[in-house]
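Participant: from the sequence below, what's the structure:
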Amino acid sequence: MNRLLTYFLNFFLVVCLGLGLGGCVTTRLQVATSSPWLEVELNTQANPLDISFADSDHGFLVGTNRLILETFDGGESWKERNLDLPQEENFRLISIDFNGDEGWIAGQPSLVLHSNDAGQNWTRLDLGSKLPGDPYLITTLSQDAAELATTAGAVYRTNDGGATWEGKVSDASGGIRDLRRSSDGAYVSVSSLGNFFATLSPGQDSWEPHQRASSKRVQSVGYQPNGELWMLSRGAEIRLSDQSGDVENWQKPIIPITNGYNYLDMAWDPSGSIWAAGGNGTLLVSNDGGNEWKVDPVGDQQPSNFIRILFNATPEANHAKGFVLGERGTLLRWAG
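Facilitator: Numbers count the residues shown, from 1 in each chain. Below is the predicted model of the structure:
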């Protein structure tokens, strides 16, 4: 009798364990019947990290291993472009931004390039040896004017083509894993450990730290089209800020799919659809504000981790562009 009871008890525990673990396996979403993305051949194993356009057709792509490519057809094809940099230095070109003919590139270690002729010529600027952190994000403001943010959370501005730089932050001391800038000049960053995020409003000279929305470490934080924040956390968790101007309150987590890979970036396309990208070709879309999601069929076939999603990478709104950047030379172009 005792043996029979033990058998049924063990069987019951195995069933319960199986049901419990069932929530940890891959939850397969419906695959969309079509895709707005087209695969672009880059012929490189480097990782593309950023793209910017001087006009609707002419633009540049930068990335790891000194990668810089140039396009004259709106991003349909790319050709290698050489920069006058020492061959012994393996630069990581991490950020590029154009405003018409005025363009800037930020790279690591300690690299800033400036062009005022749409990238025909680039001038390397001397940043000195006391820059806190490495260049991380460059933003073109106007002719000869730009803002540079570093991996230490420092923000500098130049109005003379990079001859001099004025510090805008007084407490640049911590490392960051992600940093973004809004169109109105605000910044949001994620600490190197992902245990908190911080905001910097226009006119402020110090970062304001904020607690993460849950116990899960933060991957990245960025801006929604309405100016509010979004947050990606470990465990493939998406959150949107809950109230206007309040970065302490967040909506309930959105977890479209659990496949063991985290989301690395998120963006809204010009039609208002939300895109989330991450490891192992994860590229998801929601057309209803995040309630229902589908797998993009083109992204699903890519043997790559998607690093970043870019939209409106051109100054003309009627020539809106979009790109998904992935590891080992993976690039998708948005066809709308």
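Participant: show me what the helix or strand hosting Arg177 is packed against.
Facilitator: Using DSSP states H and E, the secondary-structure element containing Arg177 is strand 176-181. For strand 176-181, the contact count by 3 or more CB pairs under 8 Å, 6 or more residues apart in numbering; DSSP states H and E identifies strand 135-142, strand 145-150, strand 187-191, strand 218-223 as packing neighbours. (Each C-beta comes from the backbone N, C-alpha and C, glycine too.)
Participant: for it, which strands pair with it and how are they oriented?
Facilitator: Its sheet considered, strand 176-181 pairs with strand 187-191 (antiparallel) by DSSP bridges.
Participant: may I have the strand it pairs with as PDB, with CA atoms only?
Facilitator: C-alpha atoms of strand 187-191 as PDB (Å, rounded to 0.1, in the frame of the first residue of the first chain):
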ATOM      1  CA  TYR A 187      19.200  61.900 -22.500                       C
ATOM      2  CA  VAL A 188      18.500  58.600 -20.900                       C
ATOM      3  CA  SER A 189      21.100  56.000 -19.900                       C
ATOM      4  CA  VAL A 190      21.400  52.600 -18.400                       C
ATOM      5  CA  SER A 191      24.100  51.800 -15.900                       C
END
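Participant: start to end distance for stretch 53-73?
Facilitator: In stretch 53-73, first residue to last residue: 11 Å (CA to CA, to the nearest Å).
Participant: so how far is that stretch off the chain centroid?
Facilitator: With CA atoms, centre = their mean, to the nearest Å as the basis, the distance from the averaged C-alpha position of stretch 53-73 to the chain average is 17 Å.
Participant: could you do stretch 271-280 as well?
Facilitator: Computed by CA atoms, centre = their mean, the separation of stretch 271-280 from the middle of its chain amounts to 11 Å.
Participant: now do stretch 116-131
Facilitator: The offset between the C-alpha centroid of stretch 116-131 and the centroid of the whole chain comes to 23 Å, using CA atoms, centre = their mean.
Participant: what comes up buried for that stretch?
Facilitator: Of the residues in stretch 116-131, those buried under the neighbour-count criterion (16 or more other CB atoms under 10 Å) are Asn116, Ala118, Gly119, Trp122, Arg124, Leu125, Leu127, Leu131.
Participant: ok, back up a step: need the helices and strands packed on strand 176-181 in JSON lines with mean neighbour count, can you?
Facilitator: Written out in JSON lines, the entries for the helices and strands packed on strand 176-181 read as follows (neighbours: other CB atoms under 10 Å):
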{"stretch": "strand 135-142", "mean neighbour count": "20"}
{"stretch": "strand 145-150", "mean neighbour count": "23"}
{"stretch": "strand 187-191", "mean neighbour count": "24"}
{"stretch": "strand 218-223", "mean neighbour count": "22"}
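Participant: how about these in a markdown table, adding distance to Ala172?
Facilitator: Rendered in a markdown table, the data for the helices and strands packed on strand 176-181 read as follows (distance: least, CB to CB, whole Å):
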| stretch | distance to Ala172 |
| --- | --- |
| strand 135-142 | 11 |
| strand 145-150 | 7 |
| strand 187-191 | 11 |
| strand 218-223 | 18 |
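Participant: including mean pLDDT and distance to Trp104, could the ones you listed go into JSON lines?
Facilitator: JSON lines is the format used below for the helices and strands packed on strand 176-181 (pLDDT from 0 to 100; distance: least, CB to CB, whole Å):
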{"stretch": "strand 135-142", "mean pLDDT": "97", "distance to Trp104": "4"}
{"stretch": "strand 145-150", "mean pLDDT": "97", "distance to Trp104": "5"}
{"stretch": "strand 187-191", "mean pLDDT": "96", "distance to Trp104": "17"}
{"stretch": "strand 218-223", "mean pLDDT": "96", "distance to Trp104": "20"}
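Participant: of those strands, which is nearest Thr33?
Facilitator: Relative to Thr33, the nearest member of the helices and strands packed on strand 176-181 by CB to CB is strand 218-223, separated by 28.7 Å.
Participant: what's the angle from the helix or strand following that closest one to strand 187-191?
Facilitator: Past strand 218-223, further along toward the C-terminus, the next helix or strand under DSSP H and E is strand 229-233. Relative orientation of strand 229-233 with respect to strand 187-191: 20 degrees, computed using axes from the mean of the first three to the mean of the last three CA atoms, to 10 degrees.
Participant: can you show me the helices along the stretch 151-300 of the chain?
Facilitator: 297-300 (DSSP state H, counting those that start in this stretch).
Participant: what's the local residue count around Glu327?
Facilitator: 18 (other CB atoms under 10 Å).
Participant: ok, now Arg180?
Facilitator: Using other CB under 10 Å, Arg180 has 16 neighbouring residues.
Participant: who touches stretch 134-149?
Facilitator: Applying CB atoms under 8 Å, 6 or more residues apart in numbering, the contact partners of stretch 134-149 are 94-99, 102-112, 114, 116, 127, 150-151, 155-162, 165, 168, 176, 179-181, 185, 187.
Participant: now with 6 Å, please.
Facilitator: 95, 97, 99, 102, 104, 106, 108-109, 112, 150-151, 155-161, 179, 181 (CB atoms under 6 Å, 6 or more residues apart in numbering).
Participant: thanks a lot, see you next time.
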